[in-house]
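Colleague: how does the following fold in three dimensions:
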Amino acid sequence: MTYIVTDACIKCKYMDCVEVCPVDCFYEGENFLVIHPDECIDCGVCEPECPVEAIVPDTEDEPDGKWLKINSEYAEVWPNITVMGEPPADRDKFAEEKGKFEKYFSPKPGSGS
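Modeller: Here you go, the predicted structure:
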């Protein structure tokens, strides 16, 4: 099992999770974070740190494995992030919104750390 980042992170990207990860398995996109499933050690310390509950075990993924696939794909091309950056200023505006992937997801990489 691994943990994955889901739709709730898009446009929020709080990054509290990054600071607690003991194996630095987070990767940064322009408006979203992902977890590299082959690097995650299933410790679970990141899950309670996410204020929008975007981090879940892969056993709670959609039936088609959508979020595991997205995390796997973008962890290969986005830069690693090991320290908390500055979350988007308007993040609270998007915290409760559903269906953000189709509306806002950007495949562009973030700055990393």
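Colleague: the closest residue to G112 other than its chain neighbours and P63, how far apart?
Modeller: What sits nearest to G112 in space, not counting adjacent residues and going by C-beta to C-beta, 6 or more residues apart in numbering, is P79, at 2.6 Å. Backbone N, C-alpha and C define where each C-beta goes, glycine included. As judged by C-beta to C-beta, to the nearest Å, P79 and P63 stand 31 Å apart.
Colleague: who has more neighbours out of the two?
Modeller: Here P79 and P63 are set side by side on neighbour count (other C-beta atoms under 10 Å), and the busier one is P79, at 12 against 5.
Colleague: tell me which helix or strand N71 sits in.
Modeller: N71 belongs to helix 66-75 when elements are defined using DSSP states H and E.
Colleague: same question, E28
Modeller: Assigning secondary structure by DSSP H and E places E28 in strand 26-28.
Colleague: for that strand, list every residue counted as buried.
Modeller: F26, Y27, E28 (16 or more other C-beta atoms under 10 Å).
Colleague: now those in a markdown table, with distance to M1?
Modeller: Putting those into a markdown table (distance: C-beta to C-beta, whole Å) gives the following:
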| residue | distance to M1 |
| --- | --- |
| F26 | 17 |
| Y27 | 19 |
| E28 | 23 |
